[in-house]
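Trainee: model the following, please.
(chains A and B)
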Amino acid sequence: MTVARFWRKIPHRYNLIGTHCTTCGEYYFPPRQMCPTCRRDGKIESYQFEGKGEVITYAVIHTAAKGYANQVPYNLAIIKLDEGPSLTGQVICEPGELEIGTRVRPVFRKLGEESEKGMIYYGTKFVPE
Amino acid sequence: MKVGIVSYGVYIPRYRIKLEDIAAVWGADAASIKKGLKVNEKSVPGLDEDAITIAVEAARSAVRRGNIDTSRVGAIYTGSESHPYAVKPTSTIVAAAIGAEPVLTAADYEFACKAGTAAIQTCMGLVVSGMIDIGVAIGADVSQGAPGDALEYTAAAGGAAYVIGSSDLAAIIEDTYSFTTDTPDFWRREGMLYPEHGGRFTGDPGYFKHVIAAAKGLMEKIGSKPSDYDHAVFHQPNGKFPERAAGMLGFSFEQIKTGMVVPMLGNTYSGSCMIGLAAILDQAKEGDRIFMTAFGSGAGSDAFSITVTDKIEDIRNGAPKVQELLADPIYLDYANYAKHKGKIRV
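Mentor: All right, here's what the predicted structure looks like:
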């Protein structure tokens, strides 16, 4: 990931900044600049998600992508935030502690790094509530 | 103008290692080490935790506890000797993560174990001078100890953040006093993974000389004496040093026991004294007086005289308390501890 690409996403990764359409009430994460339902009638505002939600489904990763080998086994989950949108994130706990329906809250963690010399990517992961 | 603590927050990783498990690897006598250090276990960072994530979690906890409007924050200083970047501030990442950007000043501090209290003093000065409304002072570390070195038994992970301001004070900082000399008792050279230290030299010429001088200096300056204080907290590189310093100054064990977190936490370096103070604030009553003296190798001590106000009751339950963060740990064996600390390089 280029430095600029990560930098542009800092508000979303650190603080779960998404958007909200005040016309229809829908919430979006990642943020949408136009409401797909209301189109031109939609009024989009910035919205910070609290980050609490529920695990819809998850996988326990045993064969990791490059850079994550020292973390296996780890949990990758789809989390439905309380406001509605779903996102993919790591849930920090023993694999046996996680179930579909587990309530989670956000924590600030290292998401990865470009290389030993490169920049460190920080952002949001989740832990059971 | 009064200046003091508007809010505070602490973060301690969930992982621990017992000293027995470290001693077993190096063929050392665990019982004698535990007795000598008065430490039973220490905290270990998660695989995805470092001084930045700890600083952010502590700062967010302080913001939640005090329901702080982060647009008021005019300064963030983070003290650590384990900043993940040699060049690139920890404090700017904290600023972004708590929503304090962009109109503020920020910098990172390094002064071994007292960089966090130096940050408190800086924020006090900026508040009193009127340059800022409120500031955030953080001490956070994932401290390092070389495999097999004496430091490995205590070098722990954790941090605390204090919101310093002049109104809605949960505790008033009556005064502060510092004592600083060029004493090479402990250091880490640029690019080196682990610090070096002067062994026993870190005791009398380092810790005790500076802690005693700063503590006595502050009490003389403001005309107070140990019996005036309900609680005292001293830097906790182990359990033995703060107990001895307290005794030398005339404080009782009763006065230091509430803030004595090192037996179950280890030495969190820049976080040490500040987490001890938080453990006291978690329980203190209106009117309680607290005496705090931090120590950083290299060397220097910052002493503080603090009085708790009735506002403490309003904020105390807004974030996890130190004893709650120490509860329910996940214990690691030495191999997993080594992996968590990056001692196994893949």
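Trainee: now do the buried residues in the worst-scoring helix or strand of chain A on mean pLDDT.
Mentor: Lowest mean confidence among the helices and strands of chain A (mean pLDDT, DSSP states H and E): helix A:3-8, at a mean of 92. Residues A:F6 are the ones in helix A:3-8 that count as buried (16 or more other Cβ atoms under 10 Å in any protein chain shown). (Glycine included, C-beta is placed from N, CA and C.)
Trainee: what segments of the stretch 1-150 of chain B are strands?
Mentor: Taking DSSP state E, counting those that start in this stretch as the test, the strands found in the stretch 1-150 of chain B are B:4-11, B:15-18, B:41-44, B:73-79, B:105-109, B:134-142.
Trainee: got the angle between the very next helix or strand once past the last one and strand B:4-11?
Mentor: Beyond strand B:134-142 in the direction of the C-terminus, DSSP states H and E gives the next helix or strand as strand B:157-165. Relative orientation of strand B:157-165 with respect to strand B:4-11: 160 degrees, computed using axes from the mean of the first three to the mean of the last three Cα atoms, to 10 degrees.
Trainee: so what does strand B:157-165 touch, helix or strand wise?
Mentor: strand B:4-11, strand B:41-44, helix B:51-66, helix B:115-128, strand B:134-142, helix B:272-281 (3 or more Cβ pairs under 8 Å, 6 or more residues apart in numbering or on different chains; DSSP states H and E).
Trainee: quick check: residues of chain A near chain B?
Mentor: On the criterion Cβ under 8 Å from any Cβ of the partner chain, chain B has as its neighbours in chain A the residues A:10-11, A:14-15, A:48, A:69-71, A:90, A:92, A:107-111, A:119-120, A:122, A:125.
Trainee: and among the helices and strands packed on strand B:157-165, the most buried is which?
Mentor: strand B:134-142 (a mean of 31; mean count of other Cβ atoms under 10 Å in any protein chain shown).
Trainee: let me know which of the strands of the stretch 1-150 of chain B is the nearest to chain A.
Mentor: For those, the distance to chain A is smallest for strand B:4-11, at 9.3 Å, taking Cβ to the nearest Cβ.
Trainee: follow-up on the earlier one: gap between the helix or strand that the least confident helix or strand of chain A is followed by and the chain center?
Mentor: Using DSSP H and E, the helix or strand that follows helix A:3-8 in sequence is helix A:10-15. Centroid displacement of helix A:10-15 relative to its chain, using Cα atoms, centre = their mean, to the nearest Å, is 9 Å.
Trainee: can you pull the contacts of residue 58?
Mentor: Since you didn't name a chain, this refers to chain A. A:75-78, A:91, A:98, A:100 (Cβ atoms under 8 Å, 6 or more residues apart in numbering or on different chains).
Trainee: other chain: chain B
Mentor: B:9-11, B:138, B:140, B:159-161, B:271.
Trainee: switch the cut-off to 7 Å
Mentor: B:9-11, B:138, B:140, B:159-161 (Cβ atoms under 7 Å, 6 or more residues apart in numbering or on different chains).
Trainee: contact partners for the closest residue to chain A within the stretch 51-200 of chain B?
Mentor: Residue nearest to chain A within the stretch 51-200 of chain B: B:V56 (4.3 Å; Cβ to the nearest Cβ). When contacts are counted by Cβ under 7 Å, 6+ apart, B:V56 touches A:108, B:93-94, B:97.
Trainee: same thing with B:K339?
Mentor: With Cβ under 7 Å, 6+ apart, B:K339 has these contacts: A:N70.
Trainee: what about dumping the CA coordinates of the strand or helix carrying it to CSV?
Mentor: Per DSSP H and E: B:K339 is located in helix B:334-340. Taking C-alpha atoms only, helix B:334-340 is exported to CSV below (Å, rounded to 0.1, in the frame of the first residue of the first chain):
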residue,chain,number,x,y,z
TYR,B,334,8.4,-18.0,27.7
ALA,B,335,8.3,-19.1,24.0
ASN,B,336,5.1,-17.2,23.3
TYR,B,337,6.3,-14.3,25.4
ALA,B,338,9.5,-14.2,23.2
LYS,B,339,7.3,-14.2,20.1
HIS,B,340,5.1,-11.4,21.5
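Trainee: save the contacts of A:Y58 as a markdown table, and put in neighbour count and distance to A:R40 too.
Mentor: A markdown table is the format used below for the contacts of A:Y58 (neighbours: other Cβ atoms under 10 Å in any protein chain shown; distance: Cβ to Cβ, whole Å):
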| residue | neighbour count | distance to A:R40 |
| --- | --- | --- |
| A:N75 | 21 | 41 |
| A:L76 | 15 | 37 |
| A:A77 | 25 | 36 |
| A:I78 | 16 | 31 |
| A:V91 | 21 | 39 |
| A:L98 | 19 | 42 |
| A:I100 | 11 | 38 |
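Trainee: narrow these to those in strands?
Mentor: Residues of these located in strands (DSSP state E): A:75-78, A:91.
Trainee: could I get the average pLDDT for stretch B:177-188?
Mentor: What stretch B:177-188 shows for mean pLDDT is 95.
Trainee: go on, stretch A:57-64?
Mentor: Computed over stretch A:57-64, the average pLDDT equals 96.
Trainee: pull out the buried residues from it.
Mentor: Applying 16+ other Cβ under 10 Å to stretch A:57-64 flags A:58, A:61 as buried.
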